[in-house]
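# Sharing a model that was predicted from the sequence below.
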Amino acid sequence: MSATRYAYLGPEGTFTEVALRTLPEAATRELVPMVSVPAALDAVRNGTAAAALVPIENSVEGGITTTLDQLTSGEPLMIYREVLLSITFALLVRPGTELSDIKTVTAHPAAQPQVRNWMAAHLPQAVWESAASNGDGARLVQEGRYDAAFAGEFAAERYGLEPLVTEIHDAENAQTRFVLVGRPARPSAPTGADKTSVVIWLGDDHPGALLELLQEFAVRGVNLMLIQSRPTGAGIGNYCFAVDAEGHISDRRVGEALMGLKRICPNVRFLGSYPRAGVAPEDVRPLRAGTSDAEFTEASDWLARNQDGRA
Ligand SMILES: O=C(O)C(=O)Cc1ccccc1
């Protein structure tokens, strides 16, 4: 039963739901809206859902910290897919509301940096309140709790609202990245355009500790696409690092970098290797000389021959 259910950050009418519906398999799954990212991920942990789609990163605001923190702690989970969605907001109101009537406005906190300038210019009098998601903001306007919500234009119909203004985005080409998260299992096979996510805890505090971590990737020609520090909760100055690296755990250079980290760091959590959204294998940057699987194999064969006296 749970194998057919995918949870997502709800309620209906979130960008997350739109992102989920872009996955071909969503058509054959029961899509279950959850009230928060932790609730969606708990549904996966307790087996009531096979997977959950949650927002993880935004091109304007950076990491969605609730998601990063949920993946960093608790029962391990794994990322199997990512979805990129272009985000533009509409200002949704109950029919008849005009701009000058709007005293309160709501949306997900990650929406605020994307609409701040527009709001200062067009709604300087309005007070901002955070909602659990952009879909939830629309629902709260329907209930009369707020005068307006920034949400996807598609949410208007679902909640009987009107898009008073559309195409609101302070930054051109704003995108949000979502991840499909499940319980740990074998990652899908490499596609040639993959990404590997890990969380790394530094050991004792010393000069160059972060550089040592980064060197494990750098010396093997592994490009990093994201590095985000998050407090471990163990006091000021205690951080772990969420890192996205180009490549798949079954690529030798990536596997060797992870082994290097495992040797020098007290804890490394593998969060998955999965296809990069919107990137074809021919668009991936060429490998640095000496870092292909064949070159790693040739070098370890050479070492074995020397160790055996067969050189
Ligand atoms: O999916 C939603 O509607 C969300 O609330 C998450 C979110 C927040 C900001 C931009 C895109 C998605």
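That came through, no problem. Numbering: from 1, shown residues only.

# what residues are up against the residue most central in space within the chain?
Against the mean C-alpha coordinate of the chain, by C-alpha atoms, centre = their mean, the closest residue is residue 56 at 2.4 Å. Residue 56 makes contact with 63, 64, 67, 68, 82, 177, 178, 179 under the criterion C-beta atoms under 8 Å, 6 or more residues apart in numbering. C-beta here means a position set from N, CA and C on the backbone, and glycine is covered the same way.

# who's in contact with the fourth one?
Contacts of residue 68 were listed using C-beta under 8 Å, 6+ apart, and they are 56, 228, 230, 242.

# How about the fifth one?
If you count contacts by C-beta under 8 Å, 6+ apart, residue 82 has them with 56, 177, 178, 179, 180, 195, 274, 275, 276, 277.

# can you check residue 174 too?
Residues in contact with residue 174, defined by C-beta under 8 Å, 6+ apart, are 58, 59, 60, 86, 87, 88, 114.

# Can you find the helix or strand of this structure with the lowest average pLDDT?
In the chain, no helix or strand scores lower on mean pLDDT, DSSP states H and E than strand 62-63, which sits at a mean of 90.

# which outside residues touch that strand?
56, 57, 226, 228, 230, 242.

# Over to stretch 152-170?
12-15, 18, 60, 87-95, 97-99, 113-118, 122, 134-135, 138-139, 141-142, 148-150.

# Show me which of the contacts of residue 174 are buried.
Those of the contacts of residue 174 that meet the buried threshold are 58, 60, 87, 114, by 16 or more other C-beta atoms under 10 Å.

# quick one on the thing from earlier: which stretch of helix or strand covers the residue nearest to the centre of the chain?
Element membership for residue 56, per DSSP states H and E: strand 51-58.

# Is that strand positioned near the ligand?
Yes: counting by C-beta under 6 Å from any ligand atom, the ligand has neighbours in strand 51-58: 55, 58.

# Pull up the pairing partners for that strand, direction included.
strand 5-9 (parallel), strand 62-63 (antiparallel), strand 175-182 (antiparallel) (DSSP bridges).

# Next, format those as a markdown table and append distance to the ligand and mean neighbour count.
Listed next are the strands paired with strand 51-58 as a markdown table, based on distance: least, C-beta to the nearest ligand atom, whole Å; neighbours: other C-beta atoms under 10 Å:
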| stretch | distance to the ligand | mean neighbour count |
| --- | --- | --- |
| strand 5-9 | 5 | 26 |
| strand 62-63 | 12 | 16 |
| strand 175-182 | 4 | 23 |
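
# So which of those strands is nearest residue 204?
Proximity to residue 204 (C-beta to C-beta) singles out strand 62-63 among those, at 25.7 Å.

# Appreciated, that's everything.
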